[in-house]
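Asker: no sequence on this one, just coordinates:
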């Protein structure tokens, strides 16, 4: 999808043509759209295709008059798992071009004009605002992951299944993706702060420093949540093992208790002459009462030993 936006008289408006100071947004673009943007802006089509590879690394480079900034942004895949995808930002003398595999809230906020002091013709500030929105998006997703891990943790006391363990593994995998992407983004941000390829005004440098701070905070949160999640998974495995031991102990105790009447019944069921109490009219009752009493005594003994 190809969308063109431009700030006219401090209002964001959609446009049909690429012009000075506009923003060209490509979302899951077709080959025809890529060729059109490449022809209108002079950006090499291979550079425009780079963010469409979900394994593309974060980097900053310059091709002629175009500065290319590639960063990873958080996203949800089709199975509602937290992953990261590349976002390409291209700064030319004429316009800003963004390329992404899918629609993202990071850019949608700008398209809906929900970002203060956003103007398409202020290209450097616009790029830094995108990076700031990206850093805050990581923080938001990390808080969601933390809440999900807490919900799963509440199930540890009663769960004996693998479902929660699989959910925790998925969250831990997401944290690994986030941590790796955030560190790659940090390298790009540090280069942006030092480079002369991008013209920066004092207020732009302050915004970039805020982006770096937010990104470092996201890295710290990801590391903290990853440690908590690892501890939770260890606790989960211990709870499952302990629950299994409790069940096995209970079943073993029940087996021992039930073996007493089984043994007595087997002895008195033997086919031989002069069986004890065989001639007594109350023999069956006596044997039954003695069996119940002995079984009760053994049960009480196990209860006092906390084996029941």
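Answerer: On my side now, so go ahead. Computed from a predicted model, the values in this text were never measured in an experiment.

Asker: Run through the neighbouring helices and strands of the helix or strand hosting residue 263.
Answerer: Assigning secondary structure by DSSP states H and E places residue 263 in helix 202-268. Judged by 3 or more CB pairs under 8 Å, 6 or more residues apart in numbering; DSSP states H and E, helix 202-268 is in contact with helix 123-153, helix 163-194, helix 283-304. The way it works is simple: take the backbone N, C-alpha and C, and place the C-beta from them, glycine included.

Asker: mind showing which ranges of the protein have poor pLDDT?
Answerer: Counting by pLDDT under 70, the ranges of the chain that qualify are 156-161, 270-274, 277-280, 283, 307-308.

Asker: Mean neighbour count, the helices and strands packed on helix 202-268: which tops it?
Answerer: Most buried of the helices and strands packed on helix 202-268 by mean neighbour count (mean count of other CB atoms under 10 Å) is helix 123-153; its value is a mean of 19.

Asker: tell me the angle of that one relative to helix 163-194?
Answerer: Relative orientation of helix 123-153 and helix 163-194, computed by axes from the mean of the first three to the mean of the last three CA atoms, to 10 degrees: 160 degrees.

Asker: Give me the buried stretch members for stretch 222-237, please.
Answerer: Residues of stretch 222-237 classed as buried by neighbour count (16 or more other CB atoms under 10 Å): 222, 225-226, 229, 232-233, 236.

Asker: follow-up on the earlier one: distance between the helix holding residue 263 and the chain's centre?
Answerer: Helix 202-268 sits 18 Å away from the centroid of its parent chain (CA atoms, centre = their mean, to the nearest Å).

Asker: if we look at stretch 199-211, which residues are touching it?
Answerer: Contacts with stretch 199-211, where a contact means CB atoms under 8 Å, 6 or more residues apart in numbering, come from 124-125, 128-129, 131-132, 135, 189, 192-193.

Asker: and with 6 Å instead?
Answerer: 124-125, 128, 131-132, 135, 189, 193 (CB atoms under 6 Å, 6 or more residues apart in numbering).

Asker: Tell me how many other residues surround residue 216.
Answerer: 14 (other CB atoms under 10 Å).
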